[in-house]
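Enquirer: The amino acid sequence is not available; the structure is as follows:
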């Protein structure tokens with residue numbers, strides 16, 4: 001599949017102002033910019049950690065600068081589109097693209113596998129509708145307005161999804177370990193394998209996620225540099241895909 005249209009947007013660029021993910025602790029940080037890498041056609045086997053800072057924050061009076069991925073990845077497998085990227089808000093843009101191309105049908109649920117719920121309200125509403133997706137506006141909204149904690153609610157408000165189901169507990173993983181779901185979009189944050197969630201059986205997580213990957217038609221996966229060591233995130237991706 002040709003992804004030249006997507007590559008025109010995700011061609012490798014720097015965010016320098018206090019917008020989107022770069023707004024976190026902006027006035028307190030020495031580092032004032034974050035990098036968003038280019039999108040390439042490949043597979044999970046092409047995942048590599050980049051050199052540039054993808055997420056910058058001040059935690060307990062200490063500046064924390066985390067590298068992200070060298071490239072965002074897209075590929076098709078068994079009729080499904082799969083995107084892998086670092087900061088989770090980029091899922092919004094790829095969902096918008098999926099809607100525009102007819103790959104995401106109206107009123108399907110989102111299954112959100114994540115340590116966090118990412119349901120904070122956004123400061124602004126999108127300047128487009130589900131029926132008339134404008135990719136340029138979606139791209140600007142994703143990078144200038146949204147951040148890693150507030151990208152799901154706008155998608156719900158637009159009607160991209162009918163509802164969201166959170167998979168973040170032993171009970172929820174058990175529910176999906178073997179069950180079959182009629183139709184859904186799958187969104188995974190690799191911080192579900194962080195040290196904070198080691199109390200959930202890891203074999204159960206892998207089993208449930210693999211089951212959902214097999215069923216899903218459209219999948220977004222975030223490696224979350226601030227919340228998850230990127231080497232470990234890539235190792236877990238190798239296990240679930």
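Expert: That came in fine, so what should we check first? Keep in mind the model is a prediction, meaning the values are calculated, not measured.

Enquirer: Report how many residues lie close to the residue nearest to residue 77 when sequence neighbours are not counted.
Expert: Residue nearest to residue 77 in three dimensions, not counting chain neighbours: residue 43, with 7.8 Å by C-beta to C-beta, 6 or more residues apart in numbering. Every C-beta, even on glycine, is put in place using the N, C-alpha and C of the backbone. Around residue 43 there are 14 other residues, counting by other C-beta atoms under 10 Å.

Enquirer: so residue 43 makes contact with residue 75?
Expert: Yes. Using C-beta atoms under 8 Å, residue 43 is in contact with residue 75, at 4.9 Å.

Enquirer: what mean pLDDT does the lengthiest helix in the chain have?
Expert: In the chain, assigned by DSSP state H, the helix with the most residues is helix 202-215. For helix 202-215, mean pLDDT rounds to 98.

Enquirer: Quick one: residues contacting the residue nearest to the spatial centre of the chain.
Expert: Nearest to the mean C-alpha position of the chain, by C-alpha atoms, centre = their mean, lies residue 88 at 3.3 Å. By C-beta atoms under 8 Å, 6 or more residues apart in numbering, the contact set of residue 88 is 114, 118, 148, 151, 189, 222, 224.

Enquirer: Sort out for me which of those residues are in strands.
Expert: Among these, the members falling in strands are 189, 222 (criterion: DSSP state E).

Enquirer: Which member of the contacts of residue 88 is positioned nearest residue 39?
Expert: residue 222 (14.0 Å; C-beta to C-beta).

Enquirer: you'd agree the residue nearest to the centre of the chain is in a helix?
Expert: No. With the criterion set as DSSP: H, G, I helix; E, B strand; the rest coil, the secondary structure at residue 88 is coil rather than a helix.

Enquirer: which residues does the nearest residue to it once chain neighbours are set aside contact?
Expert: If the residues on either side of it in the chain are set aside, residue 88 comes closest to residue 222, at 3.8 Å by C-beta to C-beta, 6+ apart. Going by C-beta under 8 Å, 6+ apart, residue 222 touches 84-88, 90-91, 148, 187-190.

Enquirer: likewise residue 92?
Expert: 138, 141-142, 146, 151, 154-155.

Enquirer: now those as TSV including secondary structure, distance to residue 101 and neighbour count?
Expert: Rendered in TSV, the data for the contacts of residue 92 read as follows (DSSP: H, G, I helix; E, B strand; the rest coil; distance: C-beta to C-beta, whole Å; neighbours: other C-beta atoms under 10 Å):
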residue	secondary structure	distance to residue 101	neighbour count
138	helix	12	23
141	helix	18	24
142	helix	16	25
146	coil	20	30
151	coil	19	26
154	helix	19	22
155	helix	16	23
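
Enquirer: Please tell me how far the residue nearest to the centre of the chain sits from residue 208.
Expert: As defined by C-beta to C-beta, to the nearest Å, residue 88 lies at a distance of 19 Å from residue 208.

Enquirer: Phi, psi for residue 36 please.
Expert: Backbone torsions of residue 36, given as degrees, to the nearest 10, read phi -110, psi 120.

Enquirer: shouldn't it be in contact with residue 13?
Expert: Yes. Because the distance of 5.5 Å satisfies C-beta under 8 Å, residue 36 is recorded as touching residue 13.

Enquirer: Please tell me how far residue 128 sits from residue 39.
Expert: Taken as C-beta to C-beta, the span from residue 128 to residue 39 is 21 Å.

Enquirer: Look at those two and report which has more neighbours.
Expert: The residue with the greater number of neighbours, taking residue 128 and residue 39 and applying other C-beta under 10 Å, is residue 39; the counts read 23 against 17.

Enquirer: in this protein, which ranges drop under the pLDDT threshold?
Expert: Scanning the chain for pLDDT under 70 picks out 1-2.

Enquirer: can you map out the helices along it?
Expert: With DSSP H, the ranges of helices along the chain come out as 4-9, 90-100, 135-144, 152-158, 170-176, 202-215, 230-240.
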